[in-house]
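A predicted structure for the sequence below; I have some questions about it.
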Amino acid sequence: MTNQANSPGSDQAWEELLQQLHKQPKAQPQPFFYARVHARLTAQAQPAGRWLPTWARRPAYVALLGLLVLVVSGDGIALHPAATSQYTNYPASLPASSLPR
Amino acid sequence: MASASLAIADADLLAQLQQGSEAAFCTLVTCYQQRVYSTAFSLLRSAEEAEDVAQEVFVEVYQTVARFRGDTALSTWLYRLATSRALQHRRRANAKKRFAYFTSLLGFHNQVLHEPPDHAHPLALLEGEQQLRLLLDRITRLPSQQQVAFTLRHEQDLSYEEIAAVLDTTVGAVESLLFRARQTLRKHLSPSARHD
């Protein structure tokens, strides 16, 4: 164990610790800091596509939105021609009474 | 005398910045990058996050300097931006960490994200470098205002008046913040507190 005078509880040790903190080398940014700030500014200033919300600039969302528009507008039927009429699957030789009403 | 000439130089720089001079912006970044970066680093203790905050500060200065009325010194404005952005950054990081911890508890991810416990033996944390490490760790746990005041005083070497200007408060309030910060730190760094 250290003695009481060396523990941070004592004024002397506390002052020494603060001195140690103060003498620490100051943190420095990496070289070419200005170039990186400039690049960030330039990236933020680009107006292309800014009128669109972020989600609208993702291809997956655009494709999904296009599909949704197609389905809602009724073109979905054109995409599935097999489901046209319930009568087309019945042979012509069947009597009319056996056809569903 | 030196501070008066510095204020004139800052006023000139500010006038040029407000006219949109890129050369003036380059000068500003060169002059203040170390102070802004090291302030952010002192509050975040991460080189990557400090870099991000420092860049954010200068981008904000460039974008808003036209609206700056010059009612505080340029350095005060920059310190104010650096400290508030660093604290904001830390709040966001802490919120993310809490969310990640919560999802890890629910088993959404297999990795363990909570803070690992410090198994260092109390006897190993007694002197020199380790004592300083412990102090730095404790500084990050202080309430935000106390942490800013303590960092600006003991790491950035700002006067009480300058700290008061950055925090937009009185010198008396800064003295009180520093007193409470020192008291808390000393309490946590005393051997009896560590042995608990």
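Sure, I can see it. On a predicted model such as this, the values are computed, not experimentally measured, just so you know. Numbering: from 1, shown residues only, chains lettered A, B, ... in the order given.

so where's the chain uncertain?
Reading this off chain A. A:1-9, A:47-55, A:74-101 (pLDDT under 70).

actually it's chain B I care about, not the one you picked
Using pLDDT under 70, chain B drops low at B:1-4, B:105-128, B:191-196.

Domains in chain B, by residue range?
B:1-86, B:119-196 (automatic domain parsing).

Mean neighbour count and distance to A:Q28 added to the ones you listed, as a markdown table?
Bear in mind the C-beta positions are built from the backbone N, C-alpha and C, glycine included. Shown next, in a markdown table, are the domains of chain B (neighbours: other Cβ atoms under 10 Å in any protein chain shown; distance: least, Cβ to Cβ, whole Å):
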| stretch | mean neighbour count | distance to A:Q28 |
| --- | --- | --- |
| domain B:1-86 | 18 | 6 |
| domain B:119-196 | 16 | 14 |
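
between those domains, which gets nearest to A:V72?
A:V72 lies closest to domain B:1-86 among the domains of chain B, at 41.4 Å (Cβ to Cβ).

which parts of chain B sit against chain A?
Selection of chain B residues close to chain A by Cβ under 8 Å from any Cβ of the partner chain yields B:26, B:29-30, B:33-34, B:37-38, B:41-42, B:47, B:50-51, B:54-55, B:58-59, B:62, B:123, B:126-127, B:131-132, B:135-136, B:154-155, B:157, B:182, B:186, B:189-192.

how close does B:V166 get to chain A?
18 Å (Cβ to the nearest Cβ, to the nearest Å).

So which other helices or strands are in contact with the strand or helix carrying A:G66?
Using DSSP states H and E, the element containing A:G66 is helix A:59-72. The contact analysis (3 or more Cβ pairs under 8 Å, 6 or more residues apart in numbering or on different chains; DSSP states H and E) places helix A:59-72 against no helix or strand.

Report the secondary structure state of B:W77.
The three-state label given to B:W77 by DSSP: H, G, I helix; E, B strand; the rest coil is helix.

let me redo that: B:A149
Per three-state DSSP, B:A149 ends up helix.

gap between it and B:L189?
18 Å (Cβ to Cβ, to the nearest Å).

so which strand or helix has the residue nearest to the spatial centre of chain B?
By Cα atoms, centre = their mean, the mean C-alpha position of chain B lies nearest to B:L43, the distance being 3.6 Å. Assigned by DSSP H and E, B:L43 belongs to helix B:22-44.

Repeat that for A:L18.
Element membership of A:L18, judged by DSSP H and E, is helix A:11-23.

That helix: what's the following helix or strand?
helix A:33-45.

what residues does that following helix touch?
By Cβ atoms under 8 Å, 6 or more residues apart in numbering or on different chains, the residues outside helix A:33-45 that reach it are B:26, B:29-30, B:33, B:37, B:51, B:54-55, B:58-59, B:62.

Can you list the neighbours in contact with the strand or helix carrying B:V174?
Secondary structure from DSSP H and E places B:V174 in helix B:171-189. Identification of contacts with helix B:171-189 by Cβ under 8 Å, 6+ apart yields A:8-9, A:14, A:17, B:131, B:134-135, B:138-139, B:142, B:145-147, B:149-150, B:153, B:160-161, B:163-164, B:167, B:193-194.

next one: stretch B:73-90 to chain centre, how far?
7 Å (Cα atoms, centre = their mean, to the nearest Å).

re earlier: mind checking which of the domains of chain B is nearest B:T103?
Judged by Cβ to Cβ, the one of these that comes nearest to B:T103 is domain B:1-86, at 21.8 Å.

Any figure for the gap between the nearest residue to B:V65 once chain neighbours are set aside and chain A?
By the measure of Cβ to Cβ, 6 or more residues apart in numbering or on different chains, the closest residue to B:V65 outside its immediate chain neighbours is B:L17, 4.7 Å from it. Using Cβ to the nearest Cβ, we find B:L17 at a distance of 13 Å from chain A.
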